[in-house]
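>>> structure for this input, please:
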Amino acid sequence: MSATPSTPSTEAVGGAPPSAAGGDPHELPAAVLWDMDGTLVDTEPYWIEQEHRLVERFGGTWTEADAHSLVGNPLLVSAEYIRAHTPVTLTPLEIVDELQSGVIAALSRRLPWRPGARELLAELGDLGVPCALVTMSWRPMVDALVATLPDGVFAAIVTGDEVTRGKPDPEPYLTAAAALGVDIGDCVAIEDSSTGSASALAAGARTIVVPHVVAVPPADGLFHRKTLEGLRARDLLAATAPSAP
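Modelled structure (predicted):
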């Protein structure tokens with residue numbers, strides 16, 4: 001299904017226009033594009049738990065290697081992997097629905113923010129820097145998460161069921177930048193996986209990766225961080241400059 005991104009709001013996320021934030025506007029990125037699972041919130045353990053439950057219900061065994069191989073993938077790709085490597089006989093859509101329903105239920109009990117993510121997201125809103133959510137999770141799960149946040153936190157949302165080609169293809173990030181009306185090269189993307197990082201880099205975004213469940217190997221133009229804690233909005237461009245350590 002083709003992407004139908006939301007129309008970006010012209011009002012700043014924090015309620016004040018960028019000019020009211022003070023300082024040199026060139027110190028800030030045009031937008032910040034956030035991955036969700038493992039980057040913004042720590043949902044990967046929820047997904048892995050649901051994968052174990054599903055596979056074991058059909059009499060199969062789900063390994064750590066299996067679980068890690070799915071991190072960052074489009075959901076239908078993950079569902080096809082489960083069908084190919086386990087006794088699960090559900091259709092790919094049924095697999096996605098079952099896994100996603102379990103994760104949504106877990107999120108309703110606890111929203112596990114990744115370290116530093118909530119603070120950086122709030123600061124970007126206060127400074128009027130538009131943010132987009134670029135995730136391979138599908139709209140029902142994304143809506144469940146966004147419903148817990150203040151209105152307008154994300155000026156655009158791109159989900160895995162609303163793009164033709166998911167990560168690592170550049171389409172999701174290009175779609176988000178187009179929805180915001182900004183040049184992708186002026187955006188900073190924040191990811192946690194090789195698949196997501198490859199998507200952002202291929203689109204042309206400045207890309208920060210904070211590996212979480214799986215290691216992410218070095219790549220040209222990819223800037224590794226151990227955590228988002230302590231990272232400020234005005235540090236993002238310097239952190240993704242070619243001379244940055």
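>>> how much space separates Val129 from Glu162?
Noted for Val129: a distance of 23 Å to Glu162, by CB to CB, to the nearest Å. C-beta: built from backbone N, CA, C; applies to glycine.
>>> all strands of this protein, in order?
If you assign secondary structure with DSSP state E, the strands in the chain sit at 31-34, 131-134, 156-158, 187-191, 206-209, 222-224.
>>> on contacts alone, who are the packing partners of the longest one?
The reference is to strand 187-191. strand 31-34, helix 171-180, helix 194-203, strand 206-209 (3 or more CB pairs under 8 Å, 6 or more residues apart in numbering; DSSP states H and E).
>>> report the rounded mean pLDDT for the last one.
Rounded to a whole number, the mean pLDDT of strand 206-209 is 98.
>>> turn the strands of the chain into a markdown table, columns for distance to Ile95.
Formatted as a markdown table, the strands of the chain follow (distance: least, CB to CB, whole Å):
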| stretch | distance to Ile95 |
| --- | --- |
| strand 31-34 | 26 |
| strand 131-134 | 23 |
| strand 156-158 | 22 |
| strand 187-191 | 24 |
| strand 206-209 | 28 |
| strand 222-224 | 31 |
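>>> and Pro150, how many residues sit next to it?
The number of residues packed near Pro150 is 11, by other CB atoms under 10 Å.
>>> re earlier: so Val129 and Glu162 - more neighbours on which side?
Each of Val129 and Glu162 had its neighbours counted (other CB under 10 Å), and the higher figure belongs to Val129 (26 against 19).
>>> how does this structure divide into domains?
Using automatic domain parsing, the domain ranges for the chain come out as 18-42+112-239, 44-109.
>>> now find how far off-centre the last one is within its chain.
Here domain 44-109 shows a centroid-to-chain-centroid distance of 18 Å under the convention CA atoms, centre = their mean, to the nearest Å.
>>> kindly check the end-to-end length of that domain for me.
Using CA to CA, to the nearest Å, one end of domain 44-109 lies 15 Å from the other.
>>> what about it, average pLDDT?
For domain 44-109, the mean pLDDT works out to 93.
>>> where does the spatially most central residue of the chain fall, phi/psi-wise?
Residue closest to the average C-alpha location in the chain (CA atoms, centre = their mean): Asp35, at 1.2 Å. Torsion angles at Asp35 (phi, psi; degrees, to the nearest 10) stand at phi -70, psi 160.
>>> that older thread, mean neighbour count, the domains of the chain: which tops it?
Mean neighbour counts were compared across these using mean count of other CB atoms under 10 Å; the top stretch is domain 18-42+112-239, at a mean of 20.
>>> so how far is Leu228 from Ala117?
With distances taken as CB to CB, Ala117 is found 5 Å from Leu228.
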